[in-house]
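In: Here's a sequence, model it:
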Amino acid sequence: MVAGPRMTPQTIEVLRALLDDPATPRYGLDIARQTGLKTGTLHPILARLQRIGLVESFWEDPAEHEDQGRPRRRYYRLTGLGAAQAHQVVARTEASTGRLSALRPRLGH
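Out: This next block holds a predicted model:
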């Protein structure tokens, strides 16, 4: 496993959100809504996960946000390594707490 950030409950929630559909890029506010985290908590977590290679990010095409009259979005998704490690971390966490992600309520859902 790659040395990385301490797996806080907030970090694990971010990983769970990104695991919902690992190949689909998600923007910060979307992840924040799903996890219930404030963006000031979320973005440092995403930056740490990106620094260690578990998450990749990219900016959307300027034409997309200009046409919609909104700020430009930065999208995030798990890397191949990130998806594999996220599955391990989430499974280990669920085993130690005795709860299953499929059965637990999601914030905002």
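
In: Determine the next helix or strand in the C-terminal direction from the helix or strand of the chain with the lowest mean pLDDT.
Out: Of all regular secondary-structure elements in the chain, judged by mean pLDDT, DSSP states H and E, the least confident is helix 62-68 with a mean of 83. Elements were assigned by DSSP states H and E; along the chain past helix 62-68, the next helix or strand is strand 74-78.

In: now what about that following strand, what contacts it?
Out: 15, 18-19, 22-28, 31, 46, 50, 54-60, 86 (Cβ atoms under 8 Å, 6 or more residues apart in numbering). Just so you know, the C-beta spots here come from the backbone N, C-alpha and C atoms, and that holds for glycine as well.

In: about what we covered before: where's the least confident helix or strand of the chain relative to the chain centroid, distance-wise?
Out: Helix 62-68 has its C-alpha centroid displaced from the chain centroid by 24 Å (Cα atoms, centre = their mean, to the nearest Å).

In: Begin at 29, not 1, for the rest of this chat.
Out: That works, and once the first residue is 29, the last one we named lands at helix 90-96.

In: which strands and helices sit next to that helix?
Out: For helix 90-96, the contact count by 3 or more Cβ pairs under 8 Å, 6 or more residues apart in numbering; DSSP states H and E identifies no helix or strand as a packing neighbour.

In: The longest helix seen in the chain to strand 102-106, inter-axis angle?
Out: Among the segments of the chain that qualify as a helix by DSSP state H, the longest is helix 108-125. Orientation check (axes from the mean of the first three to the mean of the last three Cα atoms, to 10 degrees): helix 108-125 against strand 102-106 gives 70 degrees.

In: Mind listing what's buried along helix 108-125?
Out: By 16 or more other Cβ atoms under 10 Å, the buried positions in helix 108-125 come out as 110-111, 113-114, 117-118, 121-122.
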